[in-house]
Structures are given as C-alpha cells and as structure tokens.
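[1] Take a look and give me a structure for this.
(one chain, ligands or ions: 3)
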Amino acid sequence: MIHTRLQKTSEISPDLPSVYLIGKSTDISAGGFSDEEKVYINKRIEKNDEFILVHRLDSYKCLVVNDYTRPFFSQLEFMRTVSRKLLSLVSSNDHTSLVMVDLVNDSELILALVEGLILNNYRFDKYQRKDGRKDNFPDLISIYSANLREENVSNLEVLCNAVYLARNLVNEPLSHLNAEGLAEEIRNLAGNSGFSAEVMGKDRIEALQMGGLLAVNRGSIDPPTFSILEWKPENCVNEKPIVLIGKGIVYDTGGLSLKPTAKSMDYMKSDMAGAAAVAGVFYALAGCGIPVHVIGLVPATDNRPGGNAIVPGDVITMYDGTSVEVMNTDAEGRLILADALSWAKQYDPHLVIDLATLTGSASAAIGMQGSVAMQKSADEWYEALEESGYYTHERLVEFPLWEEYMDMLKSDIADIKNIGGKQAGAITAGKFLEHFISFPWIHLDIAGTAFLHSDDNYRKKGGTAVGVRLLFDFFSKHAGK
Ligand code: BES
Ligand code: ZN
Ligand code: ZN
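    Numbers count the residues shown, from 1 in each chain. Ligands and ions are numbered 1, 2, ... in the order given. Coordinates of the predicted model:
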C-alpha cells in the first residue's frame, strides 16, 4: 500500500520543496521565485526544457513545463512520464513533504503528475532483505490547484492503491498465491473496501458442472475457486449490472501441452492479471463510492500436467452444455472464461467485459503498447472504453470478429475445438469466447500489456495492473463523475 498521504492545499508555501506546473507563457510571479531565479527559469523555458530544477539552500523547487499545443491525452501522459525525473529528485533527499503547485489551472494535469510519481515509486521487494535501505519518498504530498476538488485527490489515492494491489497480486508467485489464496485475497479486499465477495469452492463448482474450469484444474493438486464480487451502492446509475470477468490462471504451465521454460513459462504467474485487474477495479470503485452496479467473476486455478490432467484430444462438456474438443491444453484461459461467460447470463447484464492474458498472438500483434479488444453488440460502450484507453494511456485496438474465423474452430467430434490454426490466434480465441455470450460484450486480451520484462517509466517491470486505471475511468465517467 501507499504510505504517502495526498491532500488538497489552498496555499503555496515557497519554503517547502515544491513542484510547479507551468506552460511556456505562464506567469511565474506567483511562485515566490527571486529575480535571479526568474531569469534562469525563463532562459531554460526558451531552450524548451521541460523539467527545470532550482536548488535552494536546504530545499529545492522544480518546474514542469507543459506544451499546450499537444493533444490533451499526450499532455496527460507527458505528466505521468516526466514524474520519473521528479522521483529521482525526491528520492535523492529526505524531505518528508512535497508541495505540487498548479499555476495553469488544470487539475487533471497536476493529478497526472502525482499519479505518475506514485506509480513510478512502486516496488515489489517483500521477499528481499531490506539491509537498512529506506524509502526516500514524501509522507505527504499537498496539491495546490484552483479548481481541484477534495474528491479528486482522495480518489487518486484510492486508485493508486488499487494499482499497487493489483500489481502485487500479479507479482506474487504461485508458491505464495494459488487459486484459494487469490480468492482469500479478494475476500480480504472486499472486507476492507466495502464490496461483497462470495467464493465458490470445488464442491460447488462440481455441483454446477463448470466443465471448463474443472477440466483445466484436473492436472492440479490445488482446488479451483470461482469468486463472485459485487458492488451495488444505493444510488447506482445503471439498472442492470455490468459484469467484469478476469482470467484467474494462477500459473500456466501449459498443462500436457507443456510450455518450454525459457521466455515462455517463466513468468506465467502473471496469467491471473485479468483477475488482479478485476480485484483492483472493485477496490477502487468501492473505495471511491462510484455509483455503478458491477458484478465481478473470477474463475481461478493453475494449469498443470498432473496425473489426471486432460490430454489433447479430450472432449469436455462446458457449463452451458457445449462440447469442446481440447486440442491444446495450453489454450486453457478460454475454457475457464467460457464457463464464467455462461454464468454471467443469469444477471441479465447491460454489458460484460472480460480481461485475460489470453494469447501470445495478441502480444505478438501489437506488443506492450496496447491491449487487443474485440466486441459484440457493444459499439457505444466500446467507444467510451476506447476513449478511456486514450485518457489513461491504457490503449485499445479493436480486432474483428468476422464470422469466417469461426470455421477455424470446427471440430470433427465435438461442437467446437479450443484452438484455431496458425494465424489470427487472438481472434480465434475471441471467437471461441463469443460462442458463449448472449449479451453486449467486450473482450480485452491483455497478454502483451499485463506484465513487462523491463521498466517502462511508471509501468514497472513485472505486473502493470493494466485494466485498473482504464476501467476505473470508464466507470467514473459512466457514473458522471
Ligand atoms: N497464458 C497464455 C497466453 C500468454 C502468452 C500470456 C504470453 C502472456 C504472455 C495462454 O494460456 C496460452 O498459452 N495461449 C496459447 C494459445 C494457443 C495454444 C492456441 C498461445 O497464445 O500460444
Ligand atoms: Zn496457456
Ligand atoms: Zn494462460
């Protein structure tokens, strides 16, 4: 969790370490700078510096210069990324308080700067010896911005916590987080933040005949879980719920279609990043009291080649009765998601969104710069989500669900098979899921964006929590916030 408190302030305190947000032509007289400093600053602005540092005897001030001619989305992303320079600065001294001053009257920008700074400071080091290292990060960040609302500040704090906890869940190895552990974490979060959570264990899953989830679980020694989350405050804007589904494969060895280790199986603890995102979104929605009715479904298990594991060629019966010929046990995500999609029907949802680290193909197609999206009967919803994608820089690219792709899933002996051919792997996975839906639906394949192998500014190496900021923005705007 974040140890830094965020607060709105209504005074500029020039003697404290401070960061000023300005534009090229912004009047900096309000900043309490000396004449000498002003000359220096103006010279640097002319040279197009975006990050200007002014040292004081026992303190510092710095200025972030925004370029207002750029599209607004790029300005926001510039704020988040320039924060990395700020982090080097704040961690090189031990001041415990930082003031952020917005001299241009745009609270969204100053909040993005704070967001980037906090997300940049994330580390997953709980299994490392501390060796006296200390975290030189302010305990308190005060934000001065004319039109800032208290609520904006407290929501940002909750959202950053949601990102941290989703990243933690992804980074946690299987040795410390199996399916039951994940369900337990979800239950704890629910208790802490105010949404409700019910966990169905193996007996219940068997009684319900969730054949996809049970099939994937057969090679495992740990039981599967199916968690149902709900956030339904009194003043919801939607009459019918929106359902979020997260792929919760706590580890994907591939099963008997075993993955090779190097660069393939090694980081498959991250195959529950969809589930982690759902947990993070619920934490944020409940923590901020966003008035939307949302249901979350998290089917979870590891995928292993144990003695009783399904073999390629097996035929299984899914929760909705569809028979599936499992030609590759590594295409397991779609099997557990399909059962969750069928289960979602009982809620008569307005919209269902699933998040899944589903295919290497999605990651091969567009890399880590965006997630692959597919949708059916959800044009308007998708437009809003795509917009949130640009706003949060968790961008989406829509792939088609043309009907011809369905031919690739034809099976000789069952209703469908679980893999297509060599080409269009992300799409055939989407087509497989589409077979199980009967409501407006958006599918997000986050295989390329959920886990990074090196830092990318405020998206750190490891779990990124992709989906949390995206969906929080989507729901906040839907709720008119
Ligand atoms: N979890 C993987 C997808 C994945 C790959 C996620 C790389 C993150 C990074 C998924 O279960 C999988 O193995 N998919 C197969 C499907 C194939 C067998 C049709 C794939 O993409 O290779
Ligand atoms: Zn797999
Ligand atoms: Zn997988």
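[2] Longest helix in this structure, by number of residues?
    helix 150-171 (DSSP state H).
[3] Residue 109 against residue 73, yeah?
    No: with contact defined as Cβ atoms under 8 Å, residue 109 does not count as touching residue 73 (11.5 Å). Any C-beta I mention is one placed from the backbone N, CA and C, and that applies to glycine too.
[4] Between the two, which has more neighbouring residues?
    Between residue 109 and residue 73, residue 109 has the larger neighbour count (other Cβ atoms under 10 Å), namely 22 against 15.
[5] Which stretches in this structure count as helices?
    35-46, 72-90, 107-120, 150-171, 179-193, 202-207, 211-217, 273-288, 333-344, 360-366, 379-392, 425-434, 468-478.
[6] Could you report the neighbour count for residue 294?
    25.
[7] Revised request: answer the last question for residue 367.
    Counted with other Cβ under 10 Å, residue 367 comes out at 10.
[8] Provide the partner residues of whichever residue of the chain sits closest to ligand 3 in its beta bridges.
    Proximity of the chain to ligand 3 (Cβ to the ion) peaks at residue 252, 3.7 Å away. Counting by DSSP bridges, residue 252 is bridged to residue 303.
[9] so who does it touch?
    259, 265, 268, 271, 302, 303, 330, 332, 333 (Cβ atoms under 8 Å, 6 or more residues apart in numbering).
[10] farthest pair in the residues you listed?
    265 and 333 (14.7 Å; Cβ to Cβ).
[11] So between those two, which is more surrounded?
    Neighbours per residue, other Cβ under 10 Å: of residue 265 and residue 333, the larger number sits with residue 333, 29 against 16.
[12] was I right about that one contacting residue 357?
    Yes: using Cβ under 8 Å, residue 333 makes contact with residue 357 at a distance of 7.1 Å.
[13] which residues do the two both contact?
    Counting by Cβ under 8 Å, 6+ apart, the contacts common to residue 333 and residue 357 are 247, 249, 271.
[14] Columns distance to residue 82, neighbour count and pLDDT on top of the residues you listed, output as a markdown table?
    Below are these laid out as a markdown table (distance: Cβ to Cβ, whole Å; neighbours: other Cβ atoms under 10 Å; pLDDT from 0 to 100):
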| residue | distance to residue 82 | neighbour count | pLDDT |
| --- | --- | --- | --- |
| 247 | 34 | 31 | 99 |
| 249 | 36 | 29 | 99 |
| 271 | 33 | 27 | 99 |
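[15] ok, and which of those reach ligand 1?
    residue 271 (Cβ under 6 Å from any ligand atom).
[16] In TSV: the shared contacts of residue 333 and residue 357, plus distance to residue 365.
    As requested, the shared contacts of residue 333 and residue 357 are exported to TSV (distance: Cβ to Cβ, whole Å):
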residue	distance to residue 365
247	18
249	21
271	19
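[17] Next one, pLDDT for the closest residue to residue 255 other than its chain neighbours please.
    What sits nearest to residue 255 in space, not counting adjacent residues and going by Cβ to Cβ, 6 or more residues apart in numbering, is residue 329, at 3.1 Å. What the model reports as pLDDT for residue 329 is 98.
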